[in-house]
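Trainee: make a model of this:
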Amino acid sequence: MATAVPQYDILQADAAALARELFADIDYGFERFAPVFENAAIERRHSCVPIAWYGQEHAFSARNDLYIENALALLEQAAREALDEADLEAEDIDAIVTVSSTGIATPALDARLMQRMPFRADVQRTPMFGLGCAGGVLGLARAAAAAKADPDARVLLLVVELCGLTFRRNDISKSNLVAAALFGDGAAAAVISCREDGARLGPWGEHTWPDSLDVMGWDVADDGLKVLFSRDIPSLVRSDLRAVVDAFLRRHNLRLDQIDGYITHPGGAKVLDALEEAFDLAPGELATAREALREHGNMSAATVLFILRAALDEGLEGRHLMTTLGPGFTAGFMLVEAQ
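Mentor: Next up is the predicted model:
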């Protein structure tokens, strides 16, 4: 595995100061919303553009050009580092699964990356859009399924999200302000195969709740992707997630007390609190997820892979449950075991 972040660091204090300047005249008063920045449990985030960019207006086409340029640069960096760690070359990869929901690219990012790295012409490409924050686990699951279906294959998972590019300075919605306090940019890559040693992936699964399309997602506006967040997400985690996780584990003859640790997409500080309650954990026990949130913010699908990388670096032991939540409204699950 490898992760990559863009060149610009944005301190949370600086992001809050810019938001206070941009939204000083909103009807409900920015100061009422300032605690969102203060209580986000984020110190810094990474951005593919400098902070001044966020104070300007940008057309969707200009945003998307930046998305393609920077997404490719980060994916190339992460892919090369993951291949080096696996002692492989690009020519050794048989399939690529690419996950991203923060921009549009046709030809897809994987096809464009083939112009920069010497993947074989017959590599099988699976670009995935629309999974949002759930894409880290669900992309990993699709890559694992491809490797399991062809045990001789090596599958490269690529995940990149440039969430900051979706900020719209004229959008005074509370969802946009929450996103401004949370979102960061990042990418991750992983080589999945049945041929080499490493952490064991699986089983995996997902659950999509009915009548929940309005919980999370994008609306398409003239100047970009307009973020949608329900304020009820932490409540949904507390009330609904545990039963779904228990059902997933039962299908694989397991119980929650047989889980040794958790690799959870943090979403935000309140979501982490809710996850700890749902899994009967002590407050602050999801320390690796909290550290990733503090240092990187919410990078959507890439975040949980940063946390998995950190867990591996810390010497992951036993059976861990990976979880993510994303548009649908969908939860993704995967078990990861040290090997």
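Trainee: in contact with the residue most central in space within the chain, which residues?
Mentor: Nearest residue to the geometric centre of the chain (Cα atoms, centre = their mean): residue 301, 1.8 Å. The contact partners of residue 301, taken as Cβ atoms under 8 Å, 6 or more residues apart in numbering, are 99-101, 131-136, 139, 159, 161, 324, 326. C-beta here means a position set from N, CA and C on the backbone, and glycine is covered the same way.
Trainee: quick check: the farthest pair among the residues you listed?
Mentor: 100 and 324 (14.7 Å; Cβ to Cβ).
Trainee: so residue 43 makes contact with residue 292?
Mentor: No. With contact defined as Cβ atoms under 8 Å, residue 43 does not count as touching residue 292 (11.5 Å).
Trainee: who has more neighbours, those two?
Mentor: Applying other Cβ atoms under 10 Å to residue 43 and residue 292 shows that residue 292 carries more neighbours, namely 29 against 14.
Trainee: packing partners of the helix or strand harbouring residue 144?
Mentor: For residue 144, the host element (DSSP states H and E) is helix 135-149. The contact analysis (3 or more Cβ pairs under 8 Å, 6 or more residues apart in numbering; DSSP states H and E) places helix 135-149 against strand 95-99, strand 124-128, strand 154-162, strand 185-193, strand 200-208, helix 303-313, strand 319-326, strand 330-337.
Trainee: make JSON lines out of these and add mean pLDDT, mean neighbour count and distance to residue 255.
Mentor: Output for the helices and strands packed on helix 135-149, formatted as JSON lines (pLDDT from 0 to 100; neighbours: other Cβ atoms under 10 Å; distance: least, Cβ to Cβ, whole Å):
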{"stretch": "strand 95-99", "mean pLDDT": "98", "mean neighbour count": "27", "distance to residue 255": "30"}
{"stretch": "strand 124-128", "mean pLDDT": "97", "mean neighbour count": "17", "distance to residue 255": "31"}
{"stretch": "strand 154-162", "mean pLDDT": "98", "mean neighbour count": "29", "distance to residue 255": "29"}
{"stretch": "strand 185-193", "mean pLDDT": "97", "mean neighbour count": "28", "distance to residue 255": "27"}
{"stretch": "strand 200-208", "mean pLDDT": "94", "mean neighbour count": "17", "distance to residue 255": "14"}
{"stretch": "helix 303-313", "mean pLDDT": "95", "mean neighbour count": "23", "distance to residue 255": "21"}
{"stretch": "strand 319-326", "mean pLDDT": "96", "mean neighbour count": "23", "distance to residue 255": "11"}
{"stretch": "strand 330-337", "mean pLDDT": "96", "mean neighbour count": "22", "distance to residue 255": "13"}
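Trainee: and those: which comes nearest residue 226?
Mentor: Judging those by Cβ to Cβ, what sits closest to residue 226 is strand 154-162, at 15.7 Å.
Trainee: for that closest one, what is the distance to the chain centroid?
Mentor: On the basis of Cα atoms, centre = their mean, to the nearest Å, strand 154-162 sits 11 Å off its chain's mean C-alpha point.
Trainee: strand partners (parallel or antiparallel) of it?
Mentor: Strand pairing for strand 154-162, determined by DSSP bridges: strand 95-99 (parallel), strand 185-193 (antiparallel).
Trainee: which one, of those strands, ends up nearest to residue 241?
Mentor: strand 95-99 (21.7 Å).
Trainee: and that closest one, C-alpha only, in PDB?
Mentor: Extracted as PDB, the C-alpha positions of strand 95-99 are listed here (Å, rounded to 0.1, in the frame of the first residue of the first chain):
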ATOM      1  CA  ALA A  95      -6.400  -5.300 -13.600                       C
ATOM      2  CA  ILE A  96      -7.000  -1.800 -12.200                       C
ATOM      3  CA  VAL A  97      -9.900  -0.700 -10.100                       C
ATOM      4  CA  THR A  98     -10.100   3.100  -9.800                       C
ATOM      5  CA  VAL A  99     -12.400   4.900  -7.300                       C
END
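Trainee: now tell me what touches stretch 74-88 from outside.
Mentor: Stretch 74-88 is contacted from outside by 1-6, 48, 89-90, 92-93, 98, 109, 113, 116-117, 154, 156, 158, 160, 185-191, 196, using Cβ under 8 Å, 6+ apart.
Trainee: count the residues that sit near residue 240.
Mentor: Neighbour number of residue 240 under other Cβ under 10 Å is 16.
Trainee: could you pull up the residues touching the closest residue to residue 23 other than its chain neighbours?
Mentor: Closest residue to residue 23 apart from its sequence neighbours, by Cβ to Cβ, 6 or more residues apart in numbering: residue 30 at 4.5 Å. Counting by Cβ under 8 Å, 6+ apart, residue 30 touches 19-20, 23-24.
Trainee: how about residue 60?
Mentor: So residue 60 contacts 221-225 (Cβ under 8 Å, 6+ apart).
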